[in-house]
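Visitor: Below: sequence and its predicted model.
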Amino acid sequence: MLPEIPVETPHQVILETVSQTLETMAFICVEPITEAAVPDEPLCLSMKFDGPSRGAVEMVASRNLGRRLASEVLMVEADDPEFESRAEDALREILNVVVGAMMPHLARSPGDVFNLGLPETADFDPNRWSLFTDPHKACLLDAETQPIGFRIAA
Amino acid sequence: MSYSILIVDDSATTRAIIKRTIQMCGVETRAVLEAPDGQKALDIIRAHKPDLVFMDINMPNMNGIDTTRAIRAEPAIAKTRVVIVSSESTASRQSQLRNEGVEGYITKPFTPERIRDVISSVLGVANAA
């Protein structure tokens, strides 16, 4: 059963968490947006949660955002054999932080504990972008020209 | 005095950020060690006896809670100072970890100042800046 919470609450939490994470990590500014073209080389990351409510938080972002973080935060050169895996790791960590920050807002009582899965990564079909970014379900952000979409899925 | 610090997190990104913050905050270190999960962390703790461990919760193979319990159950390393660094921010989770005897709790996303303050208080380093 998906949590019944006002849409504004998780969106605000996502905005604040991603803003703080990217600004701290790489001085990247984040703003909410209402529409955007599908990200270049889109990657879909998901992380399950289980507790008083269960589901998964999904995030779609461009591999290029991860590459920027790998380059600027981890100082990994583009020709390093681990560059692409480090880029994915940086995106996974953004999702991990967002999911952790959302859990208190999904709790029904102060004693609630959630079990979190590990972030999983898959290619994203660009044809699903308009469905994924349905404004009633998704939170869409702009990280200096790189769109990032979030939503809670069953 | 120089310190040995271990960073346990499955995210190379977070390990790099914490490591960079430690290096920036003026604490003299003889080693900043890294482990991607609890099992490897236990091996490093037994071998190197770090002064402080920054420990994630949600990791593959052995999570941070089980790793902290394993540390506390092993007399030779039981007094290792552990600070949790996790995205999990529910009050119940933090309460649970206080009962496991951790020295501190840092919620992701964290600021460099938060890491510095925890190092100062846990290690008693007055000049961390």
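Guide: The structure has been received and is ready for your questions. Residues are numbered from 1 along each chain as shown, chains lettered A, B, ... in the order given.

Visitor: And the lowest-mean-pLDDT helix or strand in chain B, what does it pack against?
Guide: Ranked by mean pLDDT, DSSP states H and E, the weakest helix or strand in chain B is helix B:91-99, scoring a mean of 81. Helices and strands touching helix B:91-99, by 3 or more C-beta pairs under 8 Å, 6 or more residues apart in numbering or on different chains; DSSP states H and E, are helix B:64-73, strand B:104-107. Using the backbone N, CA and C atoms, a C-beta is placed for each residue, glycine as well.

Visitor: what secondary structure does residue 102 sit in?
Guide: I went with chain A, as the question did not name one. Secondary structure, DSSP: H, G, I helix; E, B strand; the rest coil: residue A:102 is helix.

Visitor: which one is the residue in chain B positioned nearest to chain A nearest to, not counting chain neighbours?
Guide: For chain B and chain A, the shortest gap (C-beta to the nearest C-beta) falls at residue B:87, measuring 2.4 Å. Distances taken as C-beta to C-beta, 6 or more residues apart in numbering or on different chains put residue A:100 closest to residue B:87, at 2.4 Å, once the chain neighbours are dropped.

Visitor: Neighbours of that neighbour, how many?
Guide: The number of residues packed near residue A:100 is 25, by other C-beta atoms under 10 Å in any protein chain shown.

Visitor: for residue A:137, same thing?
Guide: Quick note: residue A:137 (other C-beta under 10 Å) scores 14 neighbours.

Visitor: The nearest residue to it once chain neighbours are set aside is in what secondary structure piece?
Guide: Distance criterion C-beta to C-beta, 6+ apart; nearest residue to residue A:137, sequence neighbours excluded, is residue A:151 at 4.9 Å. Following DSSP states H and E, one finds residue A:151 within strand A:146-153.

Visitor: which parts of that strand are buried?
Guide: A:146-152 (16 or more other C-beta atoms under 10 Å in any protein chain shown).

Visitor: Quick check: the residue of chain A nearest chain B.
Guide: Closest point on chain A to chain B, by C-beta to the nearest C-beta, is residue A:100, at 2.4 Å.

Visitor: Any idea how many residues pack against residue A:30?
Guide: Other residues close to residue A:30 by other C-beta under 10 Å number 21.
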